[in-house]
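Chemist: Please find the sequence and the predicted model below.
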Protein chains: 2
Amino acid sequence: MEQEKIIDDFMRRKGLKTTKQRNVIIKTFLNSHSHCSTEDLYLKLRKKHPKIGYATVHRTLKLLVECGIAIEQNFRDGQTRFEPVREDSHHDHLVCVECGLIIEFSEPQIEQLQQEIAASYQFVIRNHRHELYGLCSRCAGK
Amino acid sequence: MEQEKIIDDFMRRKGLKTTKQRNVIIKTFLNSHSHCSTEDLYLKLRKKHPKIGYATVHRTLKLLVECGIAIEQNFRDGQTRFEPVREDSHHDHLVCVECGLIIEFSEPQIEQLQQEIAASYQFVIRNHRHELYGLCSRCAGK
DNA sequence: ATACGTGCAAATAGTTTGCATACCA
DNA sequence: TGGTATGCAAACTATTTGCACGTAT
């Protein structure tokens, strides 16, 4: 898998070690449907690996962010959430403030406009965040 | 001033009281160049009003958010920031990750595209957040 | 063997709350 | 006067860190 290779390279470059914990955390994270917080992942892992520590989960997620494998999100619920990066498809989010549903969307025209705005300020974009908050169709219908 | 009227109405409607502290906090907040955190505002106020409490500042800012006079922002530095709402001009932000500079921008085309995206998911937008992170011209030039 | 990683518990940072006192309407 | 607001300190929540012990290279 491509991502495993990236992680491997990064670890080697930084002199970091492969451990059972890291393997299982990374695997679970990449397979989990995305947008999970440290706690979500910790609780999920604990079922099969009761000895795993919260701090290790958190440190591993930070590591993935450093490798560029994951990015941090923050949807105003007070928890930092992590999401695997899929290099081919950047996307942004619709967040339902009622039920917490998260829908991903992508719109190349917006990306293009962003670039133009940045350029007009001689600003170099590293990354961005674009979230639309409101009611999903179910919650709006109630 | 228009905003003072809105605040007054809100206070009356909710049976809230006008106090010296609230007046000075609100006045300072509205006059301060925007994007300040509770702490920023607290420190600024403390110079002239040493007896004012951090909690009061924070509670007043929350109150302003409730009235729709202020909105909460969060630019990944771990602090919630508050910004006065100017009803006529919605805007988004460019944030320099190096020096913390914040530039406001607005782009009606993007707003329009957002509406179309939301509509395609039968999603009702309440508000949104759109931030571009990167290097400002000064920091990029270094 | 050595340096990095882990798990635990404790520290931190930001925010929120309980409560006795002060104040507005 | 009665209920709301304030200031302080303590509680909370999410996150980060120190450290003794374990483990990969």
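Modeler: Received the coordinates, thanks.
Chemist: which is the next helix or strand following the one helix or strand A:E116 maps to?
Modeler: Assigned by DSSP states H and E, A:E116 falls within helix A:108-120. For helix A:108-120, the following helix or strand on the C-terminal side (DSSP H and E) is strand A:124-135.
Chemist: is chain B contacted by the helix holding A:E116?
Modeler: Yes - using Cβ under 8 Å from any Cβ of the partner chain, we find that helix A:108-120 touches chain B at A:Q109, A:I110, A:L113, A:Q114, A:I117, A:A118. In this view, the C-beta of every residue, glycine as well, is placed from N, C-alpha and C.
Chemist: OK, contacts around the fourth one?
Modeler: Listed by Cβ atoms under 8 Å, 6 or more residues apart in numbering or on different chains, the contact set of A:Q114 reads A:I125, A:H128, B:I110, B:L132.
Chemist: which residues does the second one bridge with?
Modeler: This means A:H128. B:L132 (DSSP bridges).
Chemist: what about A:E116, how many neighbours?
Modeler: 10 (other Cβ atoms under 10 Å in any protein chain shown).
Chemist: quick one: contacts for A:D77?
Modeler: A:G100.
Chemist: tell me the secondary structure for it?
Modeler: coil (DSSP: H, G, I helix; E, B strand; the rest coil).
Chemist: Check the gap between it and chain B for me.
Modeler: From A:D77 over to chain B the distance is 12 Å, taken as Cβ to the nearest Cβ, to the nearest Å.
Chemist: cool, and A:E39?
Modeler: Taking Cβ to the nearest Cβ, one finds A:E39 at 18 Å from chain B.
Chemist: Please name the spatially closest residue to the most centrally placed residue in chain A (chain neighbours excluded).
Modeler: A centroid search over chain A (Cα atoms, centre = their mean) returns A:E83, at 1.7 Å, as the residue closest to the centre. Spatial nearest neighbour of A:E83, excluding adjacent residues (Cβ to Cβ, 6 or more residues apart in numbering or on different chains): A:S34 at 4.4 Å.
Chemist: Which helix or strand contains that neighbour?
Modeler: Using DSSP H and E, no helix or strand contains A:S34.
Chemist: from memory it sits against A:P84, does it?
Modeler: Yes - contact status for A:S34 versus A:P84: in contact at 6.0 Å, counting by Cβ atoms under 8 Å.
Chemist: Cool, thanks, signing off.
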